[in-house]
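**Q** got a predicted model here, sequence first, then my questions.
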Amino acid sequence: MRTTAQRAARAALWVALPAELTLVVCLVGGVRITGAVLLAVEALVVGVLALEAAVMWPLYTARRRAGEGRRAAASSAVRAVVP
């Protein structure tokens, strides 16, 4: 069963990835983006990465304690969070 933190991390990815992709497409297309927008989007990405790490670390450590190897535990944690 998913926890609230896992749901929040999954929802944050669904929001941050399209926002970052849109920003990249605009920048490649030559659209001038203000510094405030760039700062806000990059802060969003850093926040999502921090949330992901905070959610995945307990999952990873629980799988390691259960006896899984590093790669298997990391894979299991990522599968639980990433859409």
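**A** Looks like it arrived, so ask away.

**Q** mind listing the helices in this protein by residue range?
**A** With DSSP state H, the ranges of helices along the chain come out as 4-28, 35-65, 70-81.

**Q** quick one, the first one and helix 70-81 angle?
**A** Helix 4-28 runs at 90 degrees relative to helix 70-81, counting by axes from the mean of the first three to the mean of the last three C-alpha atoms, to 10 degrees.

**Q** okay, and for this protein, where does confidence drop off?
**A** Within the chain, the ranges that satisfy pLDDT under 70 run 1-2, 83.

**Q** if we can go back for a sec, reformat the helices of the chain as JSON lines; add mean neighbour count.
**A** Quick note: C-beta positions are derived from backbone N, CA and C, even for glycine. Below are the helices of the chain laid out as JSON lines (neighbours: other C-beta atoms under 10 Å):
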{"stretch": "helix 4-28", "mean neighbour count": "14"}
{"stretch": "helix 35-65", "mean neighbour count": "14"}
{"stretch": "helix 70-81", "mean neighbour count": "15"}
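
**Q** and the residue of the chain most remote from its centre, backbone torsions?
**A** In the chain, the residue that sits farthest from the middle, by C-alpha atoms, centre = their mean, is Gly30; the gap is 27.0 Å. Note on Gly30: backbone dihedrals following degrees, to the nearest 10 are phi 90, psi 10.

**Q** from the chain's centroid, how far away is stretch 65-78?
**A** Relative to the mean C-alpha coordinate of its chain, stretch 65-78 is positioned 18 Å out (C-alpha atoms, centre = their mean, to the nearest Å).

**Q** okay, how far is it across stretch 57-72, tip to tip?
**A** Using C-alpha to C-alpha, to the nearest Å, the end-to-end distance of stretch 57-72 comes out at 14 Å.
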